[in-house]
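> Everything below, folded, please.
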Amino acid sequence: MQDIKQTGSAAALVKLIRPKQWIKNAFVFLPAFFGGAIFQGDSLVRGIIVFMAFSFTASSIYCFNDIHDVDDDRRHPVKCHRPIASGAITIRQAYALMMLMFVLGLATTLVLLLVPSVGKDVLPTTGNEATETTLGCLGLIGFYWLLNLAYCMRLKQYAIIDVCVVAFGFVLRLLTGGIATGMVCSKWIVLMTFLITLFMSFAKRRDDVLRMEATGEAPRKNTIRYNREFMDQSLTITGSVMLVCYIMYTVSPEVIARFHSDYLYLTTIFVLVGLLRYIQLAVVDKKSGDPTKVLLRDRFIQLIVVAWVLSFLVIIYVI
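Below you'll find the model as predicted:
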């Protein structure tokens with residue numbers, strides 16, 4: 001607990017907004033990536049703008065979550081070191097930072113109005129269309145913020161609903177990225193996004209179940225509504241359906257016609273191996289508690305992701 005206080009208020013503020021978690025917002029780039037337009041016009045610039053807008057908004061939610069859970073965090077052996085629970089940041093400071101992050105998120109979204117549109121076949125080219133695009137992104141980001149406030153206050157107490165809300169948050173990131181870059185999200189991409197994040201959420205809850213079995217105490221109020229058998233079956237179901245959706249995407253006629261290639265199905269190999277590795281971490285190594293840490297620390301997962309991205313890029317941009 002003393003460690004956080006000794007690092008100074010600036011370090012504590014940075015820890016509260018959790019910048020390492022911003023990697024989750026990379027989902028906003030998927031519409032342009034899968035649409036073959038990541039390097040076209042201003043797609044990348046617009047993606048970066050929405051990425052930062054979602055990052056600031058998510059940090060606002062992290063502040064509120066720690067404010068709302070401060071009493072529970074103080075009794076937790078690990079979470080007691082969080083800035084608010086440890087006393088490094090006051091509740092008033094946390095609320096101020098929460099609102100600052102939310103305002104920054106909205107202000108960053110408005111920057112979309114200043115980005116000129118180059119790719120006429122992809123991005124909006126008129127003032128009215130640019131305004132509609134910006135308003136659409138603001139609406140989705142605002143809805144994401146409100147949904148997560150409800151999640152922090154109540155929804156996370158209900159088993160199954162909690163993981164579905166988390167997964168739907170990633171779908172909102174995807175849809176916002178699609179609107180910002182002018183790309184229509186394929187139904188397969190939407191389903192895959194929901195399923196893969198639902199899969200990782202169940203893996204994270206599985207670690208809570210293991211902790212409850214070991215200590216006799218539930219890390220979350222809804223953990224008692226889960227058990228190891230249910231989590232294992234949930235991982236199997238969501239992972240399998242996600243893989244099927246990915247295969248259906250790669251062999252769908254519209255995708256083959258768009259990229260003029262029928263080799264996308266080969267990338268399924270990396271998706272399958274990635275899923276198996278994640279299941280291994282969850283079931284065998286019991287290290288799937290934080291998906292962000294898994295992605296940042298596990299070299300095997302990193303290699304699989306890089307291989308998948310490179311193979312996908314070569315097939316849709318080179319071949």
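> Just give me the neighbour total for residue 255.
Here the neighbour count serves as a burial measure; for residue 255 (other Cβ atoms under 10 Å) it reads 21. (C-beta placed from N, C-alpha, C; glycine too.)
> Just to check, it is in contact with residue 262?
No. Using Cβ atoms under 8 Å, residue 255 is not in contact with residue 262, being 9.2 Å away.
> how near is residue 151 to residue 99?
Distance from residue 151 to residue 99, counting by Cβ to Cβ, to the nearest Å: 18 Å.
> Please identify which of these two sits among more neighbours.
For residue 151 versus residue 99, neighbours defined as other Cβ under 10 Å are more numerous around residue 151 (21 against 13).
> From residue 163, how far off is the more buried one?
Counting by Cβ to Cβ, the gap from residue 151 to residue 163 is 11 Å.
> Could you do residue 38 as well?
Residue 38 sits 29 Å away from residue 163, taking Cβ to Cβ as the criterion.
> in the one helix or strand residue 294 maps to, what's buried?
Secondary structure assignment for residue 294, by DSSP states H and E: helix 291-297. If you call a residue buried by 16 or more other Cβ atoms under 10 Å, then helix 291-297 has these buried ones: 291, 294, 295.
> Assign a three-state SS to residue 219, would you?
At residue 219, secondary structure determined by DSSP: H, G, I helix; E, B strand; the rest coil is coil.
> Look up the closest residue to it, ignoring the ones flanking it.
residue 208 (4.6 Å; Cβ to Cβ, 6 or more residues apart in numbering).
> Residue 272 reaches residue 243, doesn't it?
Yes. Residue 272 lies in contact with residue 243 (Cβ under 8 Å); the separation is 6.2 Å.
> And for whichever strand or helix holds residue 16, what's in contact with it?
When secondary structure is defined using DSSP H and E, the element that contains residue 16 is helix 9-17. Residues from elsewhere that reach helix 9-17, judged by Cβ atoms under 8 Å, 6 or more residues apart in numbering: 4-5, 59, 62-63, 66, 82-84, 88-89, 93-94, 97, 101.
> Sort out for me which of these are in helices.
4, 5, 59, 62, 63, 66, 83, 84, 93, 94, 97, 101 (DSSP state H).
> Could I get the contacting residues of the fourth one?
Counting by Cβ under 8 Å, 6+ apart, residue 62 makes contact with 16, 17, 18, 21.
> Next one: it from residue 25, what distance?
Between residue 62 and residue 25 the distance, using Cβ to Cβ, works out to 12 Å.
> Let me see the ranges of the strands in the stretch 151-300 of the chain.
Counting by DSSP state E, counting those that start in this stretch, the stretch 151-300 of the chain has no strands at all.
> Now list the buried members of the ones in helices among the contacts of helix 9-17.
Applying 16+ other Cβ under 10 Å to these flags 4, 59, 62, 63, 66, 83, 84, 93, 94, 97, 101 as buried.
> all helices for the stretch 51-200 of the chain, in order.
With DSSP state H, counting those that start in this stretch applied, the stretch 51-200 of the chain shows helices at 70-75, 83-86, 91-110, 127-153, 161-181, 187-215, listed in chain order.
> can you redo those helices as TSV with distance to residue 266?
Compiled in TSV, the helices of the stretch 51-200 of the chain are given as follows (distance: least, Cβ to Cβ, whole Å):
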stretch	distance to residue 266
helix 70-75	46
helix 83-86	46
helix 91-110	37
helix 127-153	33
helix 161-181	24
helix 187-215	17
